[in-house]
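Novice: mind folding the following:
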Amino acid sequence: QVQLVESGGGLVQPGGSLRLSCAASGFTLDYYAIGWFRQVPGKERVGVSCINNNDGSTYYADSVKGRFTISRDNAKNTVYLQMNSLKAEDTAVYYCAADPTGSMKGPYDYWGQGTQVTVSS
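Specialist: Numbers count the residues shown, from 1 in each chain. As a prediction, this is how the structure comes out:
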């Protein structure tokens, strides 16, 4: 069964850090681009960051550039999102997704269930 499972979310104070993990089962992440998306209630899901399957090229939304870092450990079949200098506006449910084309452009065929990140004092 193809599955993506996010973990690492939680409550953190402004300025703090969290590391999200996206673990795959039932398939090998090596051949997929992986994206992180986030969504707040009443708004559309938006892309945060992604990493391709080839040379490790990455993309970051302007809102997180310089604060978030995406990485992948193919041996562990896991992709990470290191989030530093967190702000209240980073509060959202974070999802990871897999793009079988490897290009980062999608489509993202497989999605995790999401993990809540709350940034609040």
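
Novice: quick one: residues contacting Val117.
Specialist: 9-10, 12, 18, 20, 38, 83, 86, 90-94 (CB atoms under 8 Å, 6 or more residues apart in numbering). Heads up, the C-betas are built off the backbone N, CA and C, glycines and all.

Novice: which element is it on?
Specialist: strand 115-119 (DSSP states H and E).

Novice: quick check: Gly9 touching Leu18?
Specialist: Yes. Gly9 is within contact range of Leu18, at 6.9 Å (criterion: CB atoms under 8 Å).

Novice: burial of Thr58, as a residue count?
Specialist: Counted with other CB atoms under 10 Å, the neighbours of Thr58 add up to 15.

Novice: circling back to that earlier point, so in that sheet, which strands flank the strand holding Val117, and in what orientation?
Specialist: strand 10-12 (parallel), strand 92-99 (antiparallel) (DSSP bridges).

Novice: Serialize the ones you listed to a markdown table and add fields for mean neighbour count and mean pLDDT.
Specialist: Shown next, in a markdown table, are these (neighbours: other CB atoms under 10 Å; pLDDT from 0 to 100):
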| stretch | mean neighbour count | mean pLDDT |
| --- | --- | --- |
| strand 10-12 | 14 | 98 |
| strand 92-99 | 23 | 97 |
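
Novice: JSON lines for those, including distance to Val48?
Specialist: Shown next, in JSON lines, are those (distance: least, CB to CB, whole Å):
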{"stretch": "strand 10-12", "distance to Val48": "16"}
{"stretch": "strand 92-99", "distance to Val48": "7"}
